[in-house]
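**Q** model the structure of this input:
(5 chains, ligands or ions: 4)
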Amino acid sequence: MLDATPETKGETLLEVNNIEVIYNHVILVLKGVSLSVPKGGITALLGGNGAGKTTTLKAISNLLHSERGEVTKGSINYRGERVQDLAPADLVQKGVIQVMEGRHCFEHLTVEENLMTGAYTRKDGKGAIAADLEMVYDYFPRLRERRKSQAGYTSGGEQQMCAIGRALMSRPETILLDEPSMGLAPQLVEQIFGIVKSVNENEGVSFLLAEQNTNVALRFAHYGYILESGRVVMDGPAAELRENPDVKEFYLGVSDEGRKSFRDVRSYRRRKRWLS
Amino acid sequence: MPEQLLWAAEAMMNGLMAGVLYALVALGFVLIFKASGVFNYAQGVMALFAALTLVGIMDGQVPFAHLINAVFGTEIHHFGWHVPAILAIFLTGVVMVGLAIFIERFVLRHLVNQPDIILFMATIGLAYFMEGVGDLMWGSEIKTLDVGLPQGISETIDEATYNWFGYGFFIDRLDIVATIIAALLVASLTIFSQYSKQGRALRAVADDHQAALSVGISLRFIWVLVWSIAGFVALVAGMMWGAKSGVQFSLSLIALKALPVLMLGGFTSIPGAIVGGLIIGVGEKLFEFSIGPLVGGATENWFAYVLALVFLVFRPQGLFGEKIIERV
Amino acid sequence: MLYREAGDFKTTYVEDGQTFPIKFDRIAYYILLAVAFGVVPFIINDYWANAVLVPFLIYAVAAIGLNILVGYAGQVSLGTGGFMAVGAYACYKLMTSFPEVSILIHVVLAGVITAAVGVLFGLPSLRIKGFYLAVATLAAQFFLVWLFNKVPWFYNYSASGQISAPERTVFGIEVTGANTDAWAKYLVCLIFVTACAWLARNLTRGTTGRTWMAIRDMDIAAEIIGVNPLKAKLTAFAVSSFFVGIAGALFFAVYLGSVEVGEVFGINKSFLVLFMIIIGGLGSIFGSFAGAAFMVLMPVLLKNILVGGLGWPTDIAAHFELVIVGGLIVVFLILEPHGLAQLWRVAKEKLRLWPFPH
Amino acid sequence: MSAQAEEYVTEDGRKIGGVMMEMKNITLRFGGVVAIKDISFDIREGEIRAIIGPNGAGKSSMLNVISGFYNPQEGDVIFRGKKRPQMRPYKVAQQGIARTFQNIALFEGMSVLDNVMTGRLTHMKTGMFGQAMWWGKAQDEEVYNREKVEEIIDFLEIQAIRKTPVGRLPYGLKKRVELARALAAEPKLLLLDEPMAGMNVEEKEDMSRFILDVNDEFGTTIALIEHDMGVVMDLSDRVVVMDYGKKIGDGTPDEVRSNQEVIDAYLGVAHD
Amino acid sequence: DLVFPSLSYRTGPYAAGGIPFADGYADYFTLLNERDGGIGGEMAKVIECETGYNTEKGVECYESTKGEGSLIYQPLSTGITYQLIPKVTADGIALHTMGYGRTSAKNGKVFSNVFNYPANYWDGASVAINHLLDLNDGDINGKKVALVYHNSAYGKEPIRTLEELSAKHGFELTTLAVDHPGQEQKSQWLQIRREKPDYVLMWGWGVMNQVAIQEAANIRFPMENFIGVWWSGGEHDVIPAGDGANGYKAVTFHNVGSDFPVFDDVQKYVVDAGKAAGNGDQIGTAVYNRGFYAAMLAAEAARNAQEIAGKSDITAADMLKGMESLEITEERMAELGMPNFGPSFTVTCENHGGPGLGAIQQWDAAAQEWSLISDFAPSDTEIIDALVMEDSMAFAKENNIEERCN
Ligand SMILES: Nc1ncnc2c1ncn2[C@@H]1O[C@H](COP(=O)(O)OP(=O)(O)OP(=O)(O)O)[C@@H](O)[C@H]1O
Ligand SMILES: Nc1ncnc2c1ncn2[C@@H]1O[C@H](COP(=O)(O)OP(=O)(O)OP(=O)(O)O)[C@@H](O)[C@H]1O
Ligand SMILES: [Mg+2]
Ligand SMILES: [Mg+2]
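**A** Residues are numbered from 1 along each chain as shown, chains lettered A, B, ... in the order given. Ligands and ions are numbered 1, 2, ... in the order given. The predicted structure follows:
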């Protein structure tokens, strides 16, 4: 389960070179982020609140534009081809799909309609789509129960499942997952990562996931990048990161004595930063 | 008094017919709102623009003739040909598609994910713009639109009702044609939006631009598609109203008659536009017929709105609109 | 760095809460006020007063009013024209019924009456939201105009239904009627604008403003954290209509002098004022001014350039005016959806960074 | 369970008082969906009470019932010994119940400071006329409340973003601002709906510290929904477990942890 | 130069009427400049300013042009007229509201600067009723007359007069208001269809005219019993209804058609020279002729003023005097190449409205032209003068105006 390297070595699918992102023409958020996602790999993007994970993912999927943000420097290549100027829909055509942070289900559509919109770009026929719908329902039985409810009226976790399921419906080649575990019950978190892993292994889908739950993320990922204040401050194979003492203390919450209780953190403690 | 009753019935029939004409305009609003959450203020101007273009093409007018003459001192006005109605309608349809592409390219594309009110405002800017361009292209004099739609009292109905009730009902033949066209439009648009993949995509776009983008729905395509359809609906509405009152600026004001219809039927429901239109049409005609004379008449403008308002207090999303989701 | 705020530290919360926290802005503001009150009245002529400044000032009041409702409280209204008509007719009735009372008091009372009417038409906002509400407010627009047109009592039974402002003076100086001097008109409007802007600023920077904005941004959450939505929405309607009513009264009494309701306070007025606040910036007092200036000045400017400067025929110029104004609206929205006020803010932010890009 | 009525002192020296809020046989339905089925539990003065359960169990709905946003079809809410009549949410807020939301519900158009200030609305008394005049009472009140809010801002360490519009903030900070807004109300009872979703361990530690401090320093009672079992087990005094709208467990973390039904329905594996 | 500002509207809801009027107004002055070298040797200068029929823009236009030495304003909108009455009075400039505006301005004792010769709305109403009297050999007792009117100050103007006249002649009057813009008039015309009035009068403007005429045709209302005021009597009002409009009538105070010698000159000096304001295809249409006529009256007044002042370069004050003693005779009209183009009348200090003469024009759909079917005949001065007195005195009292001309 804990392979330190992606199975299929070599080919890089997605490559981000030293990008800089500015919001609203004035707010500089990413200050030169580079990363690469190998074909068939699971790559984790870690970092605290506001580090720029979401921004990085949106830059890749070209959704920044609609937030009045822009990539001002650097380049993003997918399969060696520059994709920065593509429309988001074209990128989906190419097989890159993003699951956005904060769910973003279509409120007025039913759960099932939501899932079906995921298959919007597919051309492989009704049968295949129906089969995938079944697959998603098998992954998330809760969704099957709520299939006819408007997504706006489902619980937070149900919406999260819906958003993930929707992305799976498009049969992508690369999935950008933004905080997939957020708001999900613990056993479901394990399950989601299980799904990620199995989809990755069985169908060769590559993942780039931004995740706060470092613990799980590093358990399933092959490679990790740690982002802080818009810069990559550390990267390495997941197994190595897991052993790094700083990562251990600040991201995994374990110190040499083992896991600390959340009750013991009451004394004031300054966070150590790689950058000041 | 049976006579009073007959009159009321006649007023009601005419209300139904007027309602259909309102609904034709409202339909354009609904389409765009449903498909992108944009409240398209420019719908009325689009109807005017379509009608102007239609007349211009039919009469072989030179577009921007006035401007060209002013700049180059030339004296050109007409190409000197007449285009048959059917062909002209088709060509106007093409122009409306061009307009949709233009709007997507220069306006909507840059306003993805903005709040509703901003998009609404943009359509107002658009309305100004199109009004100006329409005038520049075709001139602001009044034009007569004659695509061969029948007009005037329908004698069949007049006679039939005369034989039955001893009082001949007045029904305008134009209204009858409008009703048939509206029914066709509504039926086909409902089927399109309910049962096609694109229909689902439209509703998704209306809910959340970003999420729609993220699943690979091309906003550009959707917008061009929808604005083209709305442009076509505007052309139909412009044709009907233009036949009634000539083609000139006031045509754009019919949008105001469509708003209460929209509100009552629900911004997101295509059948709602028709039902809303009928209720408003009947309501205002009956009110004007019964109460109007007591309060000095000309009540139609506000009564439609008040009627719709009363409905809304009981159903804030209109009769058939999508329920407004309120959750935390 | 052309524009700086560094070194401008606040040591008390009072200072931090002031309208222009940055010294540079504050000084600019005082200079502007001094010029507006001390210099302009002496150099103003009829053209500048009647064609530019007076309408600008009055529209600014209306825009502030509407901005409170739309920009701060998030209740989109298209009834502004109707409410301005209420202000105008209230003022007319007061002026003709109580000629001995000062016109200034009448204008304020007209505002109060409009506020009451506004509350009445604001009641549906408790159920109806968003564009549905916007369309619903058109009911107020059409009904009010119809009412003033139909009931002769409102126009004192005059033959044509027009109302005309009789002559009234303040401290012996005529401010309404045919013989009013340009500077007097201007000053009256300026005083009202200053007072209204000050009141609006106070209301919006404190508790009331925050309740409004809370309702605007998320009404359900606002209610759950303790905002009474009924009170918040109705106060917004009341305050907004108060300003709009004052604007209507001034529009009639000081600016136009005689008014026909359907034409002057028609639906176009509602849209015009709405354009102003969206172009200027929703939820910004400064934006109300900027928007009013834009919508009043732009057409005049264009006309002067196209007809006066380039000598185009008036009709072509008028059509181009539509094209340009419409185009500019779209361009501005694309550049900055939050209006001129935000454009200005971003410009300042950039200036602060200047000459270093980030 | 009547034994719980008395006050007691926890291991780490906090005082837990009598019952503050009691939910009695609450049932909540949305059309065909039964979100809550006949659930009863109580919250005691000064305690940290966790509500856990799988997704869609009805936890958020329960908070909504407490804060008056949903009206249960059956059952009573008893607050401080008195049955609470059906009331509008803002009245509930005025009784000293504040909350945060699962799907962040900040006022996006306002700055952090203004957002937190809205939390103090229930404490503001100046009338509208006074505010319009500003100088005097309104300003004094504003300054007084601003001081209170600044204390909270300091406490939650969000000084640096005071003037930032909240729309620009990253997810985690928004959660913190929401907490600040709720705290600003100086509530008796604080309802937190997944306050730590989307945070990493370090940030969760910070949040835990804030929650414990609030509970400690102000004696605020806290009801908390959270999916991170570590947090729940460490922080809470008592835990309610819900599943499909039903209550399947209620007790101290240790009791819940070893409850087989809870393990089956929610925890999956026994957490340490 | 002699400056004649033209507050026109070539855009907006009423452009269809505004364009030909503005063209006619401009073309006449162009003709004078091109053919005669101006008026009394001074070139005429027309400053056009677009109002869009909008009061505020009208004010802007007035303020921006008044400093140019403007002699006379012709605002072409009731709203703008009311706006300008106090302003021109304060500024000492003449205002000519020909066939619109404030009717009681006819009383020159009160309205020193406002002129509305040769006819006003109340005259129009009276002329229409006189026509009905003619048709019925002087007796319309018990007849039913309906008035369809634009629901605005303009549309309401004739109501008072018609009420007085109905009391005098014993006809029954019903009024039907139509709101701006007036695209939907089903209710009004169904009511007419039910109540079967003998005659329908109309005070409409803009699209309301076309729709009303169309609806009248739809319900088969006999067109010769349908009479509009002059603002409802343009070609663009009747043409959309096609043959259905045949026989429709309108009151007018000037002649129609292009059959006047002066128009040959216009063709020669203006249109063919490429100096026409419009396309040159509007000559002879009703509203074009009205603008043309207005310009002619203004030019004549200026000529008169030049004579009185003894100089060609007159001021606004001279112009006022010229207007107050204007005399239009048949000979002068013939001299101008416009025989019988309008009535002959004189203006005096007391009477700024002329004699109130009007004629009836009728539409011939086959020939696509209007023709006069009556002579210019006077209105019922007995009733109208009383009304004018009443209204103007009220205005005088309200505004503390002392009577002039005594
Ligand atoms: N639309 C925006 N406008 C301006 N600034 C923004 C915008 N969106 C994000 N930012 C800023 O960009 C920075 C990075 O935000 P981002 O959302 O990428 O962080 P994140 O790593 O995803 O954090 P979290 O884990 O909390 O989601 C933050 O400081 C935030 O304030
Ligand atoms: N307003 C509503 N209308 C219809 N169904 C609702 C509504 N609110 C909640 N539900 C349903 O009730 C159930 C409980 O929802 P709730 O939000 O309380 O779950 P939750 O326990 O908070 O779950 P999560 O951990 O995923 O947030 C869900 O199935 C949800 O779909
Ligand atoms: Mg993020
Ligand atoms: Mg929940």
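
**Q** neighbours around residue 245, how many?
**A** Went with chain A since none was named. Residues near residue A:245, counting by other CB atoms under 10 Å in any protein chain shown, number 10. C-beta here means a position set from N, CA and C on the backbone, and glycine is covered the same way.

**Q** actually chain D
**A** Using other CB under 10 Å, residue D:245 has 23 neighbouring residues.

**Q** likewise for residue E:371?
**A** Residues lying near residue E:371 (other CB under 10 Å) number 14.

**Q** how about the helix or strand hosting it: buried residues?
**A** Using DSSP states H and E, residue E:371 sits in strand E:369-372. Neighbour-count burial for strand E:369-372, counted by 16 or more other CB atoms under 10 Å in any protein chain shown, picks out E:369-370, E:372.

**Q** quick check: mean pLDDT of the next helix or strand after that strand?
**A** Next helix or strand after strand E:369-372 toward the C-terminus (DSSP H and E): strand E:377-378. On average, the pLDDT along strand E:377-378 is 90.

**Q** ok, now stretch C:186-203?
**A** On average, stretch C:186-203 scores 94.

**Q** I'd assumed residue C:81 was in contact with residue C:274.
**A** No. Using CB atoms under 8 Å, residue C:274 is not in contact with residue C:81; the gap is 10.1 Å.

**Q** these two: which is more packed in?
**A** Set residue C:274 next to residue C:81 and count neighbours by other CB under 10 Å: residue C:81 wins out with 28 against 24.

**Q** OK, contacts around residue E:114?
**A** E:81, E:85, E:88-89, E:94-95, E:97, E:101-102, E:105, E:352 (CB atoms under 8 Å, 6 or more residues apart in numbering or on different chains).

**Q** out of those, which sit inside helices?
**A** The helices, defined by DSSP state H, take in E:81, E:85, E:88-89 from the contacts of residue E:114.

**Q** what's the neighbour count on residue A:201?
**A** The tally of other residues near residue A:201 (other CB under 10 Å) stands at 12.

**Q** swap in residue D:253?
**A** Residue D:253: 18 neighbours (other CB under 10 Å).

**Q** how close does it sit to residue D:262?
**A** Going from residue D:253 to residue D:262 by CB to CB, to the nearest Å gives 11 Å.

**Q** what of residue B:180?
**A** For residue B:180, the distance to residue D:262 - CB to CB - is 65 Å.

**Q** contacting residues for the nearest residue to residue E:120 once chain neighbours are set aside?
**A** Closest residue in space to residue E:120, ignoring its immediate chain neighbours: residue E:103 at 4.5 Å, by CB to CB, 6 or more residues apart in numbering or on different chains. Residues near residue E:103 by CB under 8 Å, 6+ apart: C:159, E:116, E:120-122, E:157, E:353, E:387-388, E:391.

**Q** a markdown table please, covering those residues and showing secondary structure, distance to residue A:41 and neighbour count.
**A** Output for those, formatted as a markdown table (DSSP: H, G, I helix; E, B strand; the rest coil; distance: CB to CB, whole Å; neighbours: other CB atoms under 10 Å in any protein chain shown):
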| residue | secondary structure | distance to residue A:41 | neighbour count |
| --- | --- | --- | --- |
| C:159 | coil | 86 | 22 |
| E:116 | coil | 88 | 26 |
| E:120 | coil | 89 | 32 |
| E:121 | helix | 86 | 29 |
| E:122 | helix | 91 | 29 |
| E:157 | helix | 84 | 27 |
| E:353 | coil | 93 | 28 |
| E:387 | helix | 94 | 17 |
| E:388 | helix | 94 | 22 |
| E:391 | helix | 90 | 22 |
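
**Q** which two of those have the greatest separation?
**A** Comparing all pairs in the contacts of residue E:103 by CB to CB, the longest separation belongs to C:159 and E:353, at 15.1 Å.

**Q** in the stretch 1-150 of chain A, which spans are helices?
**A** In the stretch 1-150 of chain A, the helices defined using DSSP state H, counting those that start in this stretch lie at A:53-61, A:88-93, A:111-118, A:125-139, A:141-145.

**Q** mind checking which of those helices is nearest ligand 3?
**A** The minimum distance between ligand 3 and the helices of the stretch 1-150 of chain A falls on helix A:53-61, with 3.1 Å, by CB to the ion.

**Q** coming back round to it: pick out whichever of residue B:180 and residue D:262 has more residues nearby.
**A** Neighbour comparison, residue B:180 and residue D:262: the larger count goes to residue D:262, with 22 against 11 (by other CB under 10 Å).

**Q** about what we covered before: out of the ones in helices among the contacts of residue E:114, which is nearest to residue E:363?
**A** Of all those, residue E:363 sits closest to residue E:81, with 28.2 Å by CB to CB.

**Q** confidence score at that closest one?
**A** 91.

**Q** quick check, it in contact with residue E:102.
**A** Yes. Using CB under 8 Å, residue E:81 is in contact with residue E:102, at 6.0 Å.

**Q** residue of chain B nearest chain A, please.
**A** Nearest residue of chain B to chain A, counting by CB to the nearest CB: residue B:216, 2.8 Å away.

**Q** which residues sit in contact with the spatially closest residue to that residue that is not a sequence neighbour?
**A** Excluding its sequence neighbours, the residue lying closest to residue B:216 (CB to CB, 6+ apart) is residue A:92, at 2.8 Å. Residues in contact with residue A:92 (CB under 8 Å, 6+ apart) are A:121, A:170, A:172, B:214-216.
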